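quick one, what's the 3D model for this:
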Amino acid sequence: MRILVFRSDLISRWNSQSLARQFLLIGGTVSVAAMVMVGAFVTSLIEDAVTRNSAAATALYVDSVIAPLLPDMQTTNTLDDTVARALDETLGQGALGGRVVAFRLWRSDGTVLYSNDKSMVGKTFPLNDELKTALAGKMAAQFNHLDDAEEEKVGRLSGTPLLEIYNPVLQPWSGQVVAVSEFYEVANDFEHSLNQARLRTWMAVGAFTLTFFAILSAIVLRGSHTIENQRHALRQRINDLSALLAQNQALRERVQRASQRAAALNESYLRRIGADLHDGPAQLIAYASLRLDSNTVTSRSTPKAIREREIASIKASLDEAMHEIRTICSGLVLPQIEAASLSDILERSVRAHQQRTGAPVELSISGGPDRLSPSGKICVYRFVQEALNNGYRHGGGVGQRVVQRVEGTRVSIEVADGGPGFDPDDIGSASLGLAGLRERIESLGGTFEIGFSAPGTVLSMTLNTAETEQI
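A predicted model of the protein is given here:
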């Protein structure tokens, strides 16, 4: 169980790494392993080739010196003293004396015909791989591959590099291998050349591997950087879309709640209009109807002066009912404001309120936006109309003022008065009108606020003209 958990944790940590880091770790390990393998293989090939070429040159030289001294090796089983002394003198002096530290001449059955170590002459030994190769007509060579027995036989000095060579001795007229010469050459120069070849080989392989890995790393790093940027941008877009989805969900719920409240407000508003018609014009018309059916009007015995006075009273009642009906209708019907500017709308709403109530209203306009949607214009008109009506009804129209400001694409309007103020929760008609204003303004993406001060009340609204144009 712990192994599975550890493996899962290891995989999670690995997957959390960037593609560039994963490539650097895996690619670097593979590149180093490949460099070691290729370097070792190429070095081995170069070492074998250099050893073979150097050994061939040395063997040719030794053979050219030794071959004239040897008798017919095909019929000779031993070398006489004259040949042995000649070989001793040749191998102990001159160029060969300084280069060859040991020399043996082998017969095909493994018998030593000659050796600078006289104790080995005439002895027979098992044929090793190198002797078999040389007896087959091929030269064999090794560099510093002597075992302990060979080192003891050769008498090698500690730290002295040796090139071991097995060279076939051929019969001049038939080319048949009749013997094998084994000798050991001091290879200081050869070792230096071989080390130089090894060093250059490793440097070339390392430089190629590093260059190749650096180029691949640059490509992978660039691709990884691009992928990380795209992943970051995609993650940012996902976050933005998630935020937009959350906002859309909140807006949908808000619109749903607003629709439900709007339906309730419409019913309340209709009941309010019905109540206004019932309590006002309907009562006056009913009063006029009752007076028309009275004996004072219908009886012929009623004096003319009394009848005319009664008829005048009925006419006054009907005129008052008609006036109230027009007043109610004037609040329901909007003027032509679609082509009007914001300043014209504010002036019309203030002028209509002054004509209806006779109360003065101070108007302050600080410039308007270039464009405002029809829904925004209606919202502004209804806001000023309802706010001024509430201020007149509950504050007596004292100190009423309308202030309009513009900040960028946002338009703010304040309607204030100097009355005693009111609590919307305690006044049904005011609460109904203010709730309708809030729903209307917020449905356009604006804000609605009520401020209370001593004395007076401040109603404010704010609209974004850029948002209202899309609605």
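
residue 344 belongs to a strand, doesn't it?
No - under DSSP: H, G, I helix; E, B strand; the rest coil, residue 344 falls outside any strand and is assigned helix.

and residue 388, what helix or strand is that in?
Taking DSSP states H and E as the criterion, residue 388 maps to helix 374-395.

hey, which helix is longest across this protein?
Ranked by residue count under DSSP state H, the longest helix found in the chain is helix 188-277.

from the contact counts, what lies against that one?
Contacts defined by 3 or more Cβ pairs under 8 Å, 6 or more residues apart in numbering; DSSP states H and E place helix 188-277 against helix 19-66, strand 140-143, helix 304-332, helix 428-443. All C-beta atoms are positioned from the backbone trio N, CA, C, and that covers glycine.

next, format the ones you listed as TSV and append distance to residue 12.
Below are these laid out as TSV (distance: least, Cβ to Cβ, whole Å):
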stretch	distance to residue 12
helix 19-66	13
strand 140-143	52
helix 304-332	68
helix 428-443	48
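
need the least confident one among these, by mean pLDDT.
Lowest mean pLDDT within these: helix 428-443, a mean of 69.

follow-up on the earlier one: how far off helix 304-332 does the longest helix of the chain point, in degrees?
The directions of helix 188-277 and helix 304-332 differ by 180 degrees, with axes from the mean of the first three to the mean of the last three Cα atoms, to 10 degrees as the criterion.

of the helices and strands packed on helix 188-277, which is nearest residue 116?
helix 19-66 (12.4 Å; Cβ to Cβ).

pLDDT of whichever helix or strand comes after that closest one, averaged?
Note on helix 19-66: by DSSP H and E, the next helix or strand toward the C-terminus is helix 81-92. The pLDDT scores in helix 81-92 average 74.

quick one: buried residues of helix 81-92?
Neighbour counts over helix 81-92 (16 or more other Cβ atoms under 10 Å) mark 83-84, 86-87, 90-91 as buried.

list the helices and strands that helix packs on?
Judged by 3+ Cβ pairs under 8 Å, 6+ apart, the packing partners of helix 81-92 are helix 19-66, strand 100-106, strand 112-115.

before we move on, back to that, I'd like the next helix or strand past the helix holding residue 388.
Helix 374-395 is succeeded, C-terminally, by strand 401-407 (DSSP H and E).

would you mind writing the CA trace of that following strand as PDB?
The C-alpha coordinates for strand 401-407 follow below in PDB (Å, rounded to 0.1, in the frame of the first residue of the first chain):
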ATOM      1  CA  ARG A 401     -34.100  70.800  -5.900                       C
ATOM      2  CA  VAL A 402     -32.900  68.600  -8.800                       C
ATOM      3  CA  VAL A 403     -29.100  68.200  -9.400                       C
ATOM      4  CA  GLN A 404     -27.700  66.400 -12.400                       C
ATOM      5  CA  ARG A 405     -24.000  65.400 -12.700                       C
ATOM      6  CA  VAL A 406     -21.900  63.500 -15.300                       C
ATOM      7  CA  GLU A 407     -18.800  61.500 -14.600                       C
END
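
contacts for that strand?
With contact meaning Cβ atoms under 8 Å, 6 or more residues apart in numbering, strand 401-407 is reached by 342-343, 346, 349-350, 361-369, 384, 388, 411-417.

please redo it, this time with the cut-off set to 10 Å
342-343, 345-347, 349-350, 353, 360-369, 380, 383-384, 387-388, 391, 411-418, 456, 458, 460, 462, 465 (Cβ atoms under 10 Å, 6 or more residues apart in numbering).

circling back to that earlier point, need the winner for burial among the helices and strands packed on helix 188-277.
strand 140-143 (a mean of 21; mean count of other Cβ atoms under 10 Å).

show me how far that strand is from its chain's centre.
61 Å (Cα atoms, centre = their mean, to the nearest Å).

now that strand - C-alpha only, CSV.
Provided in CSV are the C-alpha atoms of strand 140-143 (Å, rounded to 0.1, in the frame of the first residue of the first chain):
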residue,chain,number,x,y,z
ALA,A,140,47.3,-10.0,-33.3
ALA,A,141,48.2,-7.1,-31.0
GLN,A,142,47.2,-5.8,-27.5
PHE,A,143,48.1,-2.8,-25.5
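
packing partners for that strand?
Secondary-structure packing of strand 140-143 (3 or more Cβ pairs under 10 Å, 6 or more residues apart in numbering; DSSP states H and E): helix 19-66, helix 129-135, strand 162-170, strand 177-186, helix 188-277.

okay, now the sheet partners of it, with direction.
When pairing is defined by DSSP bridges, strand 140-143 lines up against strand 162-170 (antiparallel).

and the partner strand, what's its mean pLDDT?
Averaging pLDDT along strand 162-170 gives 83.

now swap in stretch 368-375 and tell me
76.

quick check: buried residues in it?
Across stretch 368-375, burial judged by 16+ other Cβ under 10 Å covers 368-369, 372-373.

just those residues now: which is nearest residue 203?
Nearest to residue 203 among those, with distances taken as Cβ to Cβ, is residue 369, at 76.0 Å.

helix, strand, or coil at the closest one?
The three-state assignment at residue 369 reads coil, by three-state DSSP.

wait, it touches residue 463, no?
Yes - between residue 369 and residue 463 there is a contact under Cβ atoms under 10 Å: 9.1 Å.

okay, the angle between the helix holding residue 388 and helix 304-332?
Angle, helix 374-395 to helix 304-332, by the same axes, to 10 degrees: 130 degrees.

please tell me how far residue 163 sits from residue 169.
Separation of residue 163 from residue 169 (Cβ to Cβ, to the nearest Å): 19 Å.

now swap in residue 137 and tell me
Taking Cβ to Cβ, one finds residue 137 at 11 Å from residue 169.

the two: who's more crowded?
Neighbours were counted for residue 137 and for residue 169 using other Cβ atoms under 10 Å; residue 169 has more, 21 against 11.

nearest residue to that one other than its sequence neighbours?
residue 179 (4.0 Å; Cβ to Cβ, 6 or more residues apart in numbering).

do you know the pLDDT at that neighbour?
So residue 179 comes in at 82 (pLDDT).

start the count at 8 instead of 1 going forward.
Done: numbering now begins at 8, and the last item shifts to residue 186.

contacting residues for it?
Counting by Cβ under 10 Å, 6+ apart, residue 186 has contacts 77, 80-81, 83, 112-115, 118, 120-121, 141-142, 174-178.

how about 8 Å then?
Contacts were defined as Cβ under 8 Å, 6+ apart; by that measure residue 186 touches 77, 80, 112-115, 120, 175-176.

among these, which has the minimum pLDDT value?
Ranked by pLDDT, the contacts of residue 186 bottom out at residue 80, which scores 63.
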